[in-house]
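Colleague: Here is a sequence with its predicted model. Questions after.
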Amino acid sequence: MTRTLVFGGARSGKSAYAETLARESGKEVLYLATAQAGDGEMATRITHHRAQRPAGWVTIEEPLRLGDAILREARPGRLLLVDCLTLWLTNLMFSTGETYPDVGDITLPELFHSERAHLLYALAEIEDTACDIVLVSNEVGMGIVPYGAISRCFTDEAGRLNQAVAAVCDRAVFVAAGLPLYLKGGPC
């Protein structure tokens with residue numbers, strides 16, 4: 001059983017790299033998709049990602065209850081591919097339909113905190129299942145400090161989540177320009 005975090009910037013090649021790991025694993029692949037098509041642009045992105053997946057992969061769309069999905073679907077001989085943690089984080093942040101201020105303190109919904117904790121629990125819990133998992137996430141904290149309180153909050157929370165997931169994973173791979181840089185564990 002191997003837990004791998006693959007992260008990088010937008011269009012860095014992280015999803016393609018994660019999909020290569022899944023294809024080359026020789027295991028049954030179950031794709032846990034977190035994206036929601038809130039507008040036409042996002043619907044186009046989702047369509048593009050779907051078209052790139054091999055026909056034999058099963059896809060489950062799970063925008064909020066990711067920990068439950070991992071616990072339910074983890075089994076020997078299977079690889080779970082989660083794409084992506086930062087979209088999942090966004091879904092949780094806006095799960096109540098809250099409108100956040102441009103300045104001031106941000107209070108995130110309880111679901112955000114409980115589901116984040118449950119994800120980390122699930123990643124620890126599946127350690128003995130012989131099920132591999134590859135988690136894709138964005139690295140959003142390497143640029144300028146974003147404008148607006150909710151954007152800064154998102155950047156902070158994404159960074160915290162990536163750190164927490166990397167801590168429980170066996171491997172952490174940063175992808176830039178389509179090239180993997182192994183930060184934890186050896187080459188996949």
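Modeller: Done, it's in.

Colleague: Please identify the buried residues of stretch 45-62?
Modeller: Within stretch 45-62, the residues scored as buried using 16 or more other C-beta atoms under 10 Å are I46, H49, R53, W57, E62. Every residue, glycine included, has its C-beta placed from N, CA and C.

Colleague: Relative to the whole chain's centre, how far out is it?
Modeller: Counting by C-alpha atoms, centre = their mean, to the nearest Å, stretch 45-62 is centred 15 Å from the centre of its parent chain.

Colleague: And that stretch, end to end?
Modeller: End-to-end distance for stretch 45-62: 16 Å, by C-alpha to C-alpha, to the nearest Å.

Colleague: what residues are up against the most centrally placed residue in the chain?
Modeller: For the chain, the residue sitting closest to the mean C-alpha position, by C-alpha atoms, centre = their mean, is L85 at 2.3 Å. Counting by C-beta atoms under 8 Å, 6 or more residues apart in numbering, L85 touches T34, L135, V136, S137, N138, A158, L161, N162, V165.

Colleague: Look at G8 and say how many residues are nearby.
Modeller: By other C-beta atoms under 10 Å, the residues close to G8 number 24.

Colleague: Over to the one 4 residues further on?
Modeller: The burial metric for S12, expressed as a neighbour count using other C-beta under 10 Å, is 20.

Colleague: From T107, how far out is the residue nearest to the centre of the chain?
Modeller: Note on L85: its distance to T107, by C-beta to C-beta, to the nearest Å, is 22 Å.

Colleague: Now the element after the helix or strand of the chain with the lowest mean pLDDT, going C-ward?
Modeller: Lowest by mean pLDDT, DSSP states H and E among the helices and strands of the chain is helix 40-52, with a mean of 86. Using DSSP states H and E, the helix or strand that follows helix 40-52 in sequence is strand 58-61.

Colleague: Return the list of strands paired to that next one, each annotated with direction.
Modeller: Sheet pairing of strand 58-61 (DSSP bridges) gives strand 28-33 (parallel).
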